[in-house]
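**Student:** Please find the sequence and the predicted model below.
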Amino acid sequence: MSVDVPEVVAGHPAKSVRRCKVCFWVLTILLLLSVLTILWLVLRFTIDEPVVYEDPVEHFKYGSTGGERESGFPYWIWKALPKVCADYLPGEGYASLGMLYEEDKDLPIGVSKRRVTGLDRVFLNCAVCHTNTLRDTPDSVPQIITGMPANTLDLFSFEQFFFNCAADARFSPDFIMPVIESMDADLDLIDRYLVYPLAVYLMRDQVLMLKERFKFVEHQPVWGPGRVDTFNSAKVIFNFPLDKARPEELVGTTDFPSIWNQRQKEGMHLHWDGNNTRLQERNRSAAFGAGATPPTLDRESVKRMEEWLMDSKPPPWAWSVDKALSSKGAEIYAHYCAECHGASGTDFTGAQVGKVLTIDEIGTDRYRLDSYTRTLAVNQNLLYTGYGDERFSNFRKTNGYANMPLDGLWLRAPYLHNGSVPTLQDLLSPAADRPQQFYRGYDVYDPVNVGFVTTVAAEGDKSFFLFDTNVAGNSNRGHEGAAYGTQLSISDKQALLEFLKTF
Amino acid sequence: MDITMDKKSKWSLVIVLVSMIVAVGGFIAWYKFFREVDQAPFATAEERFMYGSIGGENEAGIPYWIFVVLPRMFPEYLPGQGGYASLGIAWEEGKELPVGFTKKVVGFPRVSNTCAVCHTTSYRVSTDADPVFVAAGPGHTSNVQGFFSFLRDVANDPRFNADNLLSEIKLVTDLSLLDQVLYRFIIIPFTKKALLERNFDWMERDDMAPWGHGRDDAMNLTKYFMLEMEEDGSYGPSDFPSIWNLQKYKPKEGMRMNWDGATYDAYSVLTDSALGIVAEPQDDFVAQMEWLLDYLSKLQAPKYPFPINAALATAGETVFKNNCATCHASEHTGKRIHLDDIGTDPNRIASWSTDAAKAANRTATELGVDRRGMVEDEALDGYIAVHLDGIWLRAPYLHNGSIPNLRELLSSVEDRTAVFYRGYDIYDSVNVGFEFQGREAERVGSRFEVSRRGNGNQGHEFGITLPESEKAALIEYLKTL
């Protein structure tokens, strides 16, 4: 039509004036409309806005690392999957994987949301592995503590849930869209018929690709809650063919660490094996786990989290402390522990604090050490390349484990890097006397032995994970002998334990 | 009048516009493809040797972002896990690129090689120790053939295309829209084409053992890559030599360089080896070569890192004088010993010829390289009696690296190991060489069979009848060189 009009105009000048006016207005309106439509579409699909939290603690719990941009799950698919693939979950919803929901919140702690590529997308942030609950008794209200290890989170099962669901025939618009619609999703026509069906396919491809790259976990002993294999996962960034790795490299499962007081830890050997001395690199390395790549990392948002972590503090011991006993314990601590672990829970001075003790000296399980290789370290030099000084250059292969400051020690059970010793009381016993099996993932505290209750197999319909120290990577040996206090008298141990409660 | 003026001014406007477009387009083309940015100065001469460009980026460089993502996209074409590190090339902690790789902006960032990729030794004194990197030492862990095969295999893979490469690059950096367009339509297709044009087929024939770690088929590389000569079926695998202390070579006294003495002097060896890397000499070629010559002439071999029994070494010096000095510390040193006398594997000699030497000299002249060059007027009928400085770090021994350590070199042929693994970096201070057997040596190294063509471990059967005590003393002395 639009092609015909000018010809008519040219042929019949007299008649055409009126018609032309109409045409002109119609054309103009059409043009305006299409311009507006295009603008609207461009805005709709280029908008990139995270949900922002003014409060730094809220920001830590729910703020974005930028990971949603590349790795984010479409919000409504995230919501629908626990219903679509309910049989791949141990119980009801993500909470059954140990994720923590606050009352007024729609997403669990550690999951952030951002409007990007035309839809709301969600992904993990730091808090998912570094926040947990604590209860005095099974009947107490759970208290949320940021910065502590996420003892209840079963990241292994979380990953497996998505891998299994993506590989299932139900991971298709036919199954997912009806569930989304049943949830009163506020989707418009474009979302319903275009964006979301497409998003289902894109997400499936992405998760299946990750499933392939994370195949090595299928051959690993199940991690159990509160643990992750950090550096075999890091090898996935480089798509290392792990079937060609040395077998002893393939298990590197360790506890999530606490992350308080970062300012005081600048320059120390960070990570369990002390393989990096720079906070920023350590944080950004961890941010890969939250899906943030160099181009997608939300630097401003992450900086806010980092700044808050600089001086964030663990909560004090929640019960009473016997002051006299604790003072006696302080002397024992000064003699046995301070050189490696710092003067106190707040003063980290000590000749060996933040330094690496060789594996022969410390004698703990060496799987985690061996999982980190020089080959990986040099490849990590290419991370953040092209971003000037941000390029990684501080990863090193070490030959042992780093001496950690003990801030908030009471919340950091189970102990040792692999979480193989349930309580501090057990840590002060020789390895032979430490429990060979115990349950992990319970958030009720045992103030007598200093650690979480590890003798309970289930609570309601929630079963806990039976941790076996005889499994590869789980050994509870090491950190023992006279120098480590495992030969102290019972009364000295009691005193030391009392002092450690004050950390 | 008005109309003609209008026409005139219209034309001038068109001309001005066209010339502006051409000028802007030309500038963008120059900026994006040819603009050379000097590398930041290197802190030490050693760093410059390891990472300083010698001009290979212009003709033989790989676009940086392609270089970064290739190992992640095609790990199956690498011998193990670890990206380029799986090729055994030295890679210092904290450094962006492995030793022997250099990054320079010629329009866009490109990666090329330096001499150090074949001439840096990596060793560890124990499995728990940090690796030590020795500039100008033999790159015994470098799997150069593996690198070539990798490039060939990725270029032949249909997944090597703009869609896949750009989506992988997107995970690593955010290219500007213009750069994405240039990568998609020019840089990626041209890189693929350039890689496919390289003929690597002659390297991999059933009748030829793989080079393995620390070796190449140097003369055939020259013949087929640089001189584009017809394949002649020869195969002369040989070790990367140490290239420190080049001042010891005195061409005027009749000394020659390369295993068979095919080159007159150190400068010619440098230029000809560099041409293999840079393809076409750039403006600063002569200056680069002169700097290298100066640096490598003075650089001394490293000291033996373990304790040495001084008394035993002194006793060994006498054994050396009586048995080895005739060739290795005399007027014969640095000169050719006839094959009949040395008796080592002849294949390396057979891989070069006077015709090839003439062709090489012609090509170098055509490329504007002024050097004394390849030997045309002497019979290449033997191997050079090498200087022994830093011999402790130059295992495996003989020109083809067919004998794992000094102790075996002092053994009869039947007592030398027939199958071993090259390329493992743990030092064996008892036998003086690198560990060559065991699980890790097998995992990271390449299997070496002396029965394969070019790999013969016969010859140089000198000192093999010495009493054990004298052998031990001799070995102790050799550690001091």
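**Tutor:** Right, received. Where do you want to start?
**Student:** Find the helix or strand that A:Glu339 is a member of.
**Tutor:** helix A:338-341 (DSSP states H and E).
**Student:** Can I get that helix in PDB, CA atoms only?
**Tutor:** Extracted C-alpha coordinates of helix A:338-341, given in PDB (Å, rounded to 0.1, in the frame of the first residue of the first chain):
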ATOM      1  CA  ALA A 338      48.200 -17.900  69.900                       C
ATOM      2  CA  GLU A 339      51.200 -18.100  67.700                       C
ATOM      3  CA  CYS A 340      49.200 -19.700  64.800                       C
ATOM      4  CA  HIS A 341      45.700 -18.400  65.600                       C
END
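**Student:** Would you pull up how far it lies from the middle of the chain?
**Tutor:** Here the centre of helix A:338-341 is set off from its chain's centre by 29 Å, with CA atoms, centre = their mean, to the nearest Å.
**Student:** After it, which helix or strand is next?
**Tutor:** Taking DSSP H and E, what comes next after helix A:338-341 is strand A:356-358.
**Student:** what does that following strand rub up against?
**Tutor:** Outside strand A:356-358, the residues that touch it by CB atoms under 8 Å, 6 or more residues apart in numbering or on different chains are A:269, A:273-274, A:340, A:398-403. In short, each C-beta sits where N, CA and C put it, glycine included.
**Student:** ok, the nearest residue to A:His269 once chain neighbours are set aside - how many residues close by?
**Tutor:** Distances taken as CB to CB, 6 or more residues apart in numbering or on different chains put A:Ala402 closest to A:His269, at 4.1 Å, once the chain neighbours are dropped. Residues near A:Ala402, counting by other CB atoms under 10 Å in any protein chain shown, number 23.
**Student:** Check what pLDDT the residue of the stretch 251-400 of chain A found nearest chain B gets.
**Tutor:** Residue nearest to chain B within the stretch 251-400 of chain A (CB to the nearest CB): A:Thr375, separated by 3.5 Å. As predicted, A:Thr375 sits at a pLDDT of 95.
**Student:** Same check on A:Arg227?
**Tutor:** We have a pLDDT of 97 for A:Arg227.
**Student:** Equivalent analysis for A:Pro6, please.
**Tutor:** 44.
**Student:** okay, now the closest residue to B:Pro346 other than its chain neighbours: neighbour count?
**Tutor:** Nearest in space to B:Pro346, with sequence neighbours left out and distances taken as CB to CB, 6+ apart, is B:Leu339 at 5.8 Å. With neighbours defined by other CB under 10 Å, the count for B:Leu339 comes to 17.
**Student:** Then B:Ala287?
**Tutor:** Neighbours of B:Ala287 (other CB under 10 Å): 10.
**Student:** Report the buried residues of whatever helix or strand it lives in.
**Tutor:** Assigned by DSSP H and E, B:Ala287 falls within helix B:285-298. Residues B:285-286, B:288-289, B:291-293, B:295-296 are the ones in helix B:285-298 that count as buried (16 or more other CB atoms under 10 Å in any protein chain shown).
**Student:** ditto for stretch B:35-49
**Tutor:** Buried, per 16+ other CB under 10 Å, within stretch B:35-49: B:36, B:45-49.
**Student:** the strands in the stretch 101-250 of chain B, which residues?
**Tutor:** Applying DSSP state E, counting those that start in this stretch to the stretch 101-250 of chain B gives strands spanning B:101-106, B:108-113, B:120-123, B:132-135, B:215-216, B:238-239.
**Student:** who wins for proximity to chain A among those?
**Tutor:** strand B:108-113 (8.2 Å).
**Student:** so where is chain B shaky, pLDDT-wise?
**Tutor:** B:1-5 (pLDDT under 70).
**Student:** ok, the residue sitting nearest the centre point of it to B:Pro404 distance?
**Tutor:** Central residue of chain B (CA atoms, centre = their mean): B:Cys118, 3.1 Å from the mean position. Noted for B:Cys118: a distance of 20 Å to B:Pro404, by CB to CB, to the nearest Å.
**Student:** cool, and A:Asp461?
**Tutor:** For A:Asp461, the distance to B:Pro404 - CB to CB - is 63 Å.
**Student:** the more surrounded of these two?
**Tutor:** B:Pro404 (27 against 9).
**Student:** Which residue, other than its chain neighbours, is closest to that one?
**Tutor:** B:Phe436 (4.3 Å).
**Student:** Spatially, and excluding backbone neighbours, which residue is closest to B:Leu78.
**Tutor:** That would be B:Ser86: by CB to CB, 6+ apart, it lies 4.8 Å from B:Leu78.
**Student:** Near chain B, which residues of the stretch 251-400 of chain A? Just list them.
**Tutor:** A:293-295, A:373-379, A:381-382, A:385-387, A:391, A:393-397, A:399 (CB under 8 Å from any CB of the partner chain).
**Student:** at 7 Å what do you get?
**Tutor:** Counting by CB under 7 Å from any CB of the partner chain, the stretch 251-400 of chain A comes close to chain B at A:293-295, A:375, A:377-379, A:381-382, A:385-386, A:391, A:393-394, A:396, A:399.
**Student:** The residue in the stretch 101-250 of chain A positioned nearest to chain B and A:Ala150, how far apart?
**Tutor:** Proximity of the stretch 101-250 of chain A to chain B (CB to the nearest CB) peaks at A:Phe240, 3.8 Å away. Distance, A:Phe240 to A:Ala150, by CB to CB: 27 Å.
**Student:** Between the two, which is the more surrounded one?
**Tutor:** A:Phe240 (29 against 25).
**Student:** So which residues on the stretch 151-300 of chain B come close to chain A?
**Tutor:** Within the stretch 151-300 of chain B, the residues that sit near chain A (CB under 7 Å from any CB) are B:170-174.
**Student:** how distant is the longest helix along chain B from the center of its chain?
**Tutor:** When chain B is parsed with DSSP state H, its longest helix is helix B:2-29. Mean-position distance between helix B:2-29 and its chain equals 52 Å (CA atoms, centre = their mean).
**Student:** And the strands in the stretch 301-450 of chain A?
**Tutor:** Secondary structure of the stretch 301-450 of chain A, counting by DSSP E, counting those that start in this stretch: strands at A:356-358, A:400-402, A:437-440, A:445-446.
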